[in-house]
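Colleague: Return a 3D structure for these sequence lines:
(chains A, B, C and D)
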Number of protein chains: 2
Amino acid sequence: MDSMGIMVRKQTAADQALRLDNQICFAVYSTAHAFNRVYKPLLDRLGLTYPQYLVMLALWERDDVAVKDLGERLFLDSGTLTPLLKRLEAAELIRRTRSTEDERVVLIALTPQGHALREKAKAVPQSILAASDCTVGELLAMKDEIVALRDRLNAALGE
Amino acid sequence: MDSMGIMVRKQTAADQALRLDNQICFAVYSTAHAFNRVYKPLLDRLGLTYPQYLVMLALWERDDVAVKDLGERLFLDSGTLTPLLKRLEAAELIRRTRSTEDERVVLIALTPQGHALREKAKAVPQSILAASDCTVGELLAMKDEIVALRDRLNAALGE
DNA sequence: CACAGTTATATTGTGCACAATGTAAAATAT
DNA sequence: ATATTTTACATTGTGCACAATATAACTGTG
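Modeller: Model (predicted):
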């Protein structure tokens, strides 16, 4: 209580930590959504959603991979990937085939249209760069910091 | 073609930019998911999802606000907030009442249980800090960078 | 070989996230 | 004052994201 008899709460460190603006996770969360909104009109032209675009990026680098491999690279599980991949298959960008060596495995391969889409996608990164209003160097430095944080968080999960 | 007659693709800047590992947006996206997974067990004890926790953080700072105000602070629209708020109301953490001054407005107020939950939530930030394996200073510096990026992306959307 | 345990993918259910649309109330224009 | 526009919220439909569970295929051990 102060001299007027009114309760004055002491601002503890715990109180400060609960402020929305102090949360790095909210910064990351809201930035992810902002990216999503910037990507949307660009990816609409390719007929892709943002997670589908990430899958295509992964496949353009390496093809004929198991769902599990994709999941590890993108940090996604089969509950997310299975329906997403079925939609990409319906769009005829990929093919899903059971491995003959190990029938548990479903291999994901690009169709010719899937390969071809890469050319149209080349214009995307520079549009994002422009929207970010940063230099490539700044973005790469930030990326490295964020990835380091992500890897520490994932490491903490494994313990 | 090289001297062996095999196609050797020139690695252009556009090719590099399409590499998954070079995408800052994937770094942000995957870090948001990593945060979500770290928060999950902590928030389970509070009976909250991560977006619900963000709403509660906002309400603990300021109460009796319109859905629109919450949406602007959290960058979310009514399509996301309306069902989320109904779940918080069902959990008796908040109350939703139409404003008498402007009947379009729905005001969100904390219940006593909603206020009380704040005490249990005080333990959350330090657990996250521990999982991040960073100092407070490092995290705050990163947060400021990420928020600056988010604000630039959002500004680009407005144009 | 049998069988217990593991692995890869699929399915189900819940909860965001957002575009598009609807509705009623308020503000503004004519 | 009536008509038009804007605003706040709700609803619907699509697509993640993930926990929990199911299923079939593989692996290792006795």
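Colleague: Pick out the residue of chain A closest to DNA strand D.
Modeller: A:G79 (2.9 Å; C-beta to the nearest atom of the strand). All C-beta atoms are positioned from the backbone trio N, CA, C, and that covers glycine.
Colleague: Counting neighbours, what do you get for that residue?
Modeller: 9 (other C-beta atoms under 10 Å in any protein chain shown).
Colleague: repeat for A:D15
Modeller: 13.
Colleague: ok, the residue of chain A closest to DNA strand D to B:Q52 distance?
Modeller: 21 Å (C-beta to C-beta, to the nearest Å).
Colleague: close to chain B, is stretch A:116-131?
Modeller: Yes - Stretch A:116-131 lies within reach of chain B by C-beta under 8 Å from any C-beta of the partner chain, at A:R118, A:A121, A:K122, A:V124, A:P125, A:Q126, A:I128, A:L129, A:A130, A:A131.
Colleague: Narrow these to just the buried residues.
Modeller: Buried members of the residues of stretch A:116-131 next to chain B, scored by 16 or more other C-beta atoms under 10 Å in any protein chain shown, are A:R118, A:A121, A:V124, A:P125, A:I128, A:A131.
Colleague: Redo those residues as JSON lines? Include secondary structure.
Modeller: As requested, these are exported to JSON lines (DSSP: H, G, I helix; E, B strand; the rest coil):
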{"residue": "A:R118", "secondary structure": "helix"}
{"residue": "A:A121", "secondary structure": "helix"}
{"residue": "A:V124", "secondary structure": "helix"}
{"residue": "A:P125", "secondary structure": "helix"}
{"residue": "A:I128", "secondary structure": "helix"}
{"residue": "A:A131", "secondary structure": "helix"}
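Colleague: Rebuild the residues you listed as CSV, extending it with pLDDT and distance to A:R104.
Modeller: As requested, these are exported to CSV (pLDDT from 0 to 100; distance: C-beta to C-beta, whole Å):
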residue, pLDDT, distance to A:R104
A:R118, 96, 29
A:A121, 95, 31
A:V124, 94, 34
A:P125, 93, 36
A:I128, 92, 37
A:A131, 91, 42
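Colleague: And the strands in chain A?
Modeller: Taking DSSP state E, the strands of chain A run over residues A:65-66, A:94-98, A:106-110.
Colleague: Return the distance of the shortest one from the chain's centre.
Modeller: In other words, strand A:65-66. 19 Å (C-alpha atoms, centre = their mean, to the nearest Å).
Colleague: With stretch A:13-29 instead?
Modeller: 22 Å.
Colleague: what comes into contact with it?
Modeller: Stretch A:13-29 has contacts (C-beta atoms under 8 Å, 6 or more residues apart in numbering or on different chains) with A:9, A:146, B:28, B:31-32, B:35, B:39, B:50, B:54, B:57-58, B:60-61, B:73, B:118, B:121-122, B:124-126, B:128, B:132, B:139-140, B:142-143, B:146-147, B:150.
Colleague: Can you flag the buried ones in the residues you listed?
Modeller: Applying 16+ other C-beta under 10 Å to the contacts of stretch A:13-29 flags A:146, B:28, B:31-32, B:35, B:39, B:50, B:54, B:57-58, B:60, B:73, B:118, B:121, B:124-125, B:128, B:132, B:139, B:142-143, B:146-147, B:150 as buried.
Colleague: wouldn't A:A131 be in contact with B:A156 here?
Modeller: Yes - the pair A:A131 and B:A156 passes the contact test of C-beta atoms under 8 Å, sitting 3.8 Å apart.
Colleague: shared neighbours of those two, which are they?
Modeller: By C-beta under 8 Å, 6+ apart, the residues touching both A:A131 and B:A156 are A:V38.
Colleague: sorry, back to before: just the contacts of stretch A:13-29 that are near DNA strand D?
Modeller: With C-beta under 7 Å from any atom of the strand as the criterion, those include none near DNA strand D.
Colleague: Return the subset of the residues you listed lying in helices.
Modeller: If you go by DSSP state H, the contacts of stretch A:13-29 have A:146, B:28, B:31-32, B:35, B:39, B:50, B:54, B:57-58, B:60-61, B:73, B:118, B:121, B:124-126, B:128, B:132, B:139-140, B:142-143, B:146-147, B:150 in helices.
Colleague: Check what pLDDT A:M7 gets.
Modeller: Here the pLDDT value assigned to A:M7 is 55.
Colleague: same question, the one 3 residues further on
Modeller: Turning to A:K10, the model gives it a pLDDT of 60.
Colleague: What residues does chain A have near DNA strand C?
Modeller: Near DNA strand C, when you scan chain A using C-beta under 7 Å from any atom of the strand, you find A:29, A:33, A:36-37, A:40, A:66-68, A:71, A:77-79, A:81-83, A:85, A:96, A:102, A:104-107.
Colleague: Write the PyMOL selection for whichever of those residues are buried.
Modeller: Per 16+ other C-beta under 10 Å, the buried members of the residues of chain A next to DNA strand C correspond to this PyMOL selection:
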select buried, chain A and resi 29+33+36+67+71+81+85+106+107
